[in-house]
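# Structure for this input, please:
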Amino acid sequence: MAAARPQGPNRRHHTAEEPMDITTRLYLLDLVRQAQQSTAAHAAAVRAAARAAKAATQARDRVDEHARQRPTAQDPEQPDEATGELDQALEEYTDCRGRLQAANRKVTRTFLAARAANRTLGATYAQHARGRARVASRDEVAAGLLDELADVPLALMDAAHAILVQSSAGKDSLVQLHRIATWAKKAGCLHKVVVIHIDLGEESEWPGVRELAQRQAERYGLRFHVLRAEGGLLGLVEKRGMWPDAARRLCTVICTSSHR
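Sure, this is the predicted structure:
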């Protein structure tokens, strides 16, 4: 569910007896999002730099190998060939070194951006969370704020510009859609709800899934929009590196607060 873009917090200090208002909570959640994105960008830059360093090392090894082979050439035509191979290896190494330097610069930039984003989040949360229990991570901050917002769904919807509901047309999506549509109707905000279906392609979805998601949305009188994922489900998984394992699965957490 997407709420209004935060415009900045209420500047009054809050205590345990005076909860934060919705604007402040949304602003803090947006800071959490920015900090998470900045940290993820830094982690990605570190991985890319590691790959670039490995490629540069391999290129350097090829240069050394060609350099060792060059003096031992016996065939009169072989020295020219060996020289050409060495020159090509040196060119590849120079290119790899350039990519490595660019990757290291990006590591530095993303580190500074992540540090700034996390410091902003920490300082802002400390300012508006006086009297609250200490938290140890961004996840704890987000979980606490989301729990508070979950207790006032009608007020949250009233503050939203738009409410986006991602639906796969499955059982969990149907329950989520029903709850949000029910809350939105009570809050007089049904016009704000838009159902989004991600079309993963014929190889990844059962036939008729998109049509079913659309019928479910129309049942509640909601707008429906389809987004198509380039490369399908496997393409998304490969691009993001989100391979499922025992602790991380390709399922979503729905508004029933359950994990599968």
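# domains for the chain, by residue range?
Here the domain parsing of the chain from automatic domain parsing is 25-128, 153-260.
# tell me which element residue 239 is part of?
Element membership of residue 239 [criterion: DSSP states H and E] is helix 232-240.
# Please state the offset of that helix from the chain centre?
The chain centre lies 13 Å from the centre of helix 232-240; the measure is CA atoms, centre = their mean, to the nearest Å.
# Just the CA coordinates for that helix, please, in CSV.
The C-alpha coordinates for helix 232-240 follow below in CSV (Å, rounded to 0.1, in the frame of the first residue of the first chain):
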residue,chain,number,x,y,z
GLY,A,232,10.0,-12.8,-17.1
LEU,A,233,10.3,-14.2,-13.6
LEU,A,234,13.7,-15.9,-14.1
GLY,A,235,15.0,-12.7,-15.7
LEU,A,236,14.0,-10.7,-12.6
VAL,A,237,15.5,-13.3,-10.2
GLU,A,238,18.8,-13.4,-12.2
LYS,A,239,19.0,-9.6,-12.4
ARG,A,240,18.4,-9.0,-8.7
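# The closest residue to residue 102 other than its chain neighbours: which element?
Closest residue in space to residue 102, ignoring its immediate chain neighbours: residue 52 at 7.9 Å, by CB to CB, 6 or more residues apart in numbering. The C-beta positions use only the backbone N, C-alpha and C, and glycine is treated the same way. For residue 52, the host element (DSSP H and E) is helix 22-69.
# and that helix, what does it pack onto?
helix 78-128, helix 138-150, helix 153-159 (3 or more CB pairs under 8 Å, 6 or more residues apart in numbering; DSSP states H and E).
# Mean confidence (pLDDT) on stretch 107-115, please.
The predicted model gives stretch 107-115 an average pLDDT of 97.
# buried sites along that stretch?
107, 110, 111, 113, 114 (16 or more other CB atoms under 10 Å).
# from the chain's centre, how far out does it sit?
The chain centroid and the centroid of stretch 107-115 are separated by 17 Å under CA atoms, centre = their mean.
# picking up where we left off before, dump the domains of the chain into JSON lines; add distance to residue 138 as well.
Converted to JSON lines, those look like this (distance: least, CB to CB, whole Å):
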{"stretch": "domain 25-128", "distance to residue 138": "5"}
{"stretch": "domain 153-260", "distance to residue 138": "17"}
